[in-house]
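>>> Just a sequence and a predicted model for now, questions to come.
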Amino acid sequence: MADTDSRLFTPFKTKRAFEEISDQIRQLIYAGVFKPGDKLPSERELSHQFRAGRMVVREALRTLEHSGLIYIKQGSLGGAFIKDADATVVTRSISDMIKIGSINMEHLTEVRLKIEEAVLEMAIERINVEDLDQLRKNIEEANEKISKGIRPTNENINFHMILAKASKNPLFEIMVESIMEVMRSFLILMNPGGKYIKRVSDYHEEIYRAVKERNLKKAQEKMEEHLLDVNRKLSGLSKNQNNQKRRRKK
């Protein structure tokens, strides 16, 4: 845990108090003074060091929590802890933009196509036996569910996350995880037939084989076909929902 003596923090003069406090803590996190898992000083100690009220400190901590940099744990062993990097904030931002209409499914698909294309390029260069085994197991688990009449939504989402992990680039992992978590909410609303569900699994099988053979061109072509197919399905769902809303308003 980082040293938390009073020299880490300085009294603020200009910004709103909670912004100054959150900015100082944020910079210490970026500098590696506080690392994932470290516990920040208590509200009382932070209030003393910043010469600020505890409500101001609490607002600063809420800001950091909303930014995804810390998490608050309740109870006798609780407090504010530095969080490992994850996709939560990016996912929330994309989801919010979709909900307010700033971006649509076509925008999301365009970005996803480019990201997954780059992921495949890196994955084919860096993928190892363990990654290939995870992809193979993922497809087998999806097919097992399909044979039982169960829709393998989680497996289909995880397939893309495993590929991103195989790129050995944590930023690709975060970006793909963010997009797939947003996609999850749309996929859950879908009511695809068995034929479509099997087609998704077949696409994953073809992508897996191309990656295993280190055939980048084929892997990217199959990925593009797959994502455009999903986009058509989701766009149709969105149009149906909009038509239903218009009919209800009438």
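Ah, there it is.

>>> Where does the prediction get shaky in this structure?
1-7, 11-15, 85-101, 103, 236-250 (pLDDT under 70).

>>> and it, what are its domains?
6-82, 88-238 (automatic domain parsing).

>>> In JSON lines, list those along with mean neighbour count.
Backbone N, C-alpha and C define where each C-beta goes, glycine included. As requested, those are exported to JSON lines (neighbours: other C-beta atoms under 10 Å):
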{"stretch": "domain 6-82", "mean neighbour count": "16"}
{"stretch": "domain 88-238", "mean neighbour count": "17"}
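
>>> Show me where the protein has its helices.
17-30, 43-50, 54-66, 88-99, 105-126, 129-147, 153-166, 170-189, 194-212, 216-249 (DSSP state H).

>>> which residues are in contact with the first one?
Helix 17-30 is contacted from outside by 2, 8-10, 12, 14-15, 34, 40, 46, 50, 52-53, 56-57, 59-61, 63-64, 67, 69, 82, using C-beta atoms under 8 Å, 6 or more residues apart in numbering.

>>> please redo it, this time with the cut-off set to 6 Å
With contact meaning C-beta atoms under 6 Å, 6 or more residues apart in numbering, helix 17-30 is reached by 9, 12, 34, 50, 52, 56, 59-60, 63-64, 69.

>>> That one versus helix 54-66: what angle between them?
Calculated by axes from the mean of the first three to the mean of the last three C-alpha atoms, to 10 degrees, helix 17-30 forms an angle of 50 degrees with helix 54-66.

>>> ok and helix 17-30 relative to helix 43-50, angle-wise?
Between helix 17-30 and helix 43-50, the angle comes out at 100 degrees (the same axes, to 10 degrees).

>>> Report the distance from helix 17-30 to the chain centre.
24 Å (C-alpha atoms, centre = their mean, to the nearest Å).

>>> Quick one: residues contacting Ile139.
Counted by C-beta under 6 Å, 6+ apart, Ile139 has contacts 204-205.

>>> do that again at 10 Å, thanks
152, 155-156, 159, 201-202, 204-205, 207-209 (C-beta atoms under 10 Å, 6 or more residues apart in numbering).

>>> Let me know the closest of those to Ser185.
Of all those, Ser185 sits closest to Asn156, with 14.0 Å by C-beta to C-beta.

>>> So for Lys73, which of the helices of the chain sits nearest?
Nearest to Lys73, of the helices of the chain and by C-beta to C-beta, is helix 54-66 at 10.8 Å.

>>> packing partners for that closest one?
Applying 3 or more C-beta pairs under 10 Å, 6 or more residues apart in numbering; DSSP states H and E, we find helix 54-66 packed against helix 17-30, helix 43-50, strand 70-73, strand 79-82.

>>> Quick check, central residue of the protein?
The residue lying closest to the centre of the chain (C-alpha atoms, centre = their mean) is Ser178, at 2.5 Å.

>>> thinking again about what came up before, got CSV for the helices of the chain, with distance to Gly75 too?
Compiled in CSV, the helices of the chain are given as follows (distance: least, C-beta to C-beta, whole Å):
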stretch, distance to Gly75
helix 17-30, 22
helix 43-50, 15
helix 54-66, 16
helix 88-99, 22
helix 105-126, 39
helix 129-147, 36
helix 153-166, 31
helix 170-189, 28
helix 194-212, 43
helix 216-249, 42
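
>>> These: which one's closest to Leu77?
Shortest distance between Leu77 and the helices of the chain, using C-beta to C-beta, is found for helix 43-50: 15.2 Å.

>>> which one of the contacts of Ile139 is nearest Val119?
The closest of the contacts of Ile139, once distances to Val119 are taken by C-beta to C-beta, is Ile207, at 10.9 Å.
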